[in-house]
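[1] Task: produce atomic coordinates for the following.
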Amino acid sequence: MASRLYTSSIGQLIPNVFLNYVQDLVGFLRPAKYGALSSMSPGIEGRLWQATTDVADNNLLQVDNTDISVINTGVSPMALTTGSISWYDREIRGLYRNYAGSGERPGQANDYLFGAAAPVVFWGYLGRGALDGGGLSPSANNPPVPAAGTSWAVQIGYPSITGLWLYIDPADGGLRLYNDTGSTQRTPSLWFEATAPLGVRP
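    Modelled structure (predicted):
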């Protein structure tokens, strides 16, 4: 857990300096007042993901599911419980890194070479999730195939890289990374932010 500014206990008043400072520190994303997205909700979801294995060509890995921690207001005292998030209808931007060699992720023997491979910037739209060419959830040897009105996937690194996809699996709503580049991706890593749902494909 990250270092806390303040740790409170049950029945303790929360100081206003803490609440105000948290608002100063938290990153916000608000829609601009003009343009196509002026009515979307504010907010942003960030994730840092590190694979523990390589991703062979024509294979996929799960990046995240839909589970999040939320506050249960129906109990006393209130406590954290498990809720869910929908990744649908969000723009997503971030950095992708495919390591240059083995053991370069943090905690491994060669992590001093962590920065040896340049990250790739991406920005896309997750839509309503991805389907393969047969209209099913993508699977090994069946990559996502974007199609108008039915299938959405973010192609990372295009046009210098082709066939590397970040997408929602409609079977469970989770995020997946699919490698259809023709070569193995070495213990890849993602650092990304997703907007609130845009409200255009709810």
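[2] residue ranges for the helices of the chain, please.
    With helices called from DSSP state H, the chain shows them at 16-25.
[3] what residues does the lowest-mean-pLDDT helix or strand in it touch?
    Using mean pLDDT, DSSP states H and E, helix 16-25 stands out as the lowest-scoring helix or strand of the chain, at a mean of 81. Applying CB atoms under 8 Å, 6 or more residues apart in numbering, the contact partners of helix 16-25 are L5, Y6. Heads up, the C-betas are built off the backbone N, CA and C, glycines and all.
[4] Output it in PDB with nothing but the alpha carbons.
    Presented in PDB, the C-alpha positions along helix 16-25 are these (Å, rounded to 0.1, in the frame of the first residue of the first chain):
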ATOM      1  CA  ASN A  16     -10.700  19.200   6.800                       C
ATOM      2  CA  VAL A  17      -7.000  19.700   5.900                       C
ATOM      3  CA  PHE A  18      -6.800  16.000   5.000                       C
ATOM      4  CA  LEU A  19      -9.900  16.100   2.800                       C
ATOM      5  CA  ASN A  20      -8.800  19.200   1.100                       C
ATOM      6  CA  TYR A  21      -5.300  17.900   0.500                       C
ATOM      7  CA  VAL A  22      -6.600  14.700  -1.000                       C
ATOM      8  CA  GLN A  23      -8.600  16.700  -3.600                       C
ATOM      9  CA  ASP A  24      -5.400  18.700  -4.400                       C
ATOM     10  CA  LEU A  25      -3.400  15.500  -5.000                       C
END
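[5] Let me see the mean pLDDT of stretch 56-74.
    Throughout stretch 56-74, pLDDT has a mean value of 94.
[6] for that stretch, how far is the first residue from the last?
    46 Å (CA to CA, to the nearest Å).
[7] quick one: contacts of that stretch?
    47, 49, 51, 53, 55, 78-87, 138-141, 143, 166, 172-184, 190.
[8] Then stretch 36-55?
    Here stretch 36-55 has contacts from 27-32, 61, 63-64, 85, 90, 105-106, 177, 179, 184-200, using CB under 8 Å, 6+ apart.
[9] buried stuff in it?
    M40, E45, W49, A51, D54, V55 (16 or more other CB atoms under 10 Å).
[10] and these, which two are the farthest apart?
    M40 and D54 (37.1 Å; CB to CB).
[11] looking at it, L95 is touching V121, isn't it?
    Yes: counting by CB atoms under 8 Å, L95 does reach V121; the two are 6.1 Å apart.
[12] Which one of those two is surrounded by more residues?
    L95 (15 against 11; other CB atoms under 10 Å).
[13] burial count for the closest residue to that one other than its chain neighbours?
    Nearest residue to L95, sequence neighbours excluded (CB to CB, 6 or more residues apart in numbering): P119, at 4.2 Å. A count of nearby residues for P119, using other CB under 10 Å, gives 15.
[14] give me every residue that touches P119.
    P119 neighbours (CB under 8 Å, 6+ apart): L95, Y96, R97.
[15] Phi, psi for it please.
    phi -70, psi 160 (degrees, to the nearest 10).
[16] what separates it from G182, distance-wise?
    Applying CB to CB, to the nearest Å, the value for P119 to G182 is 20 Å.
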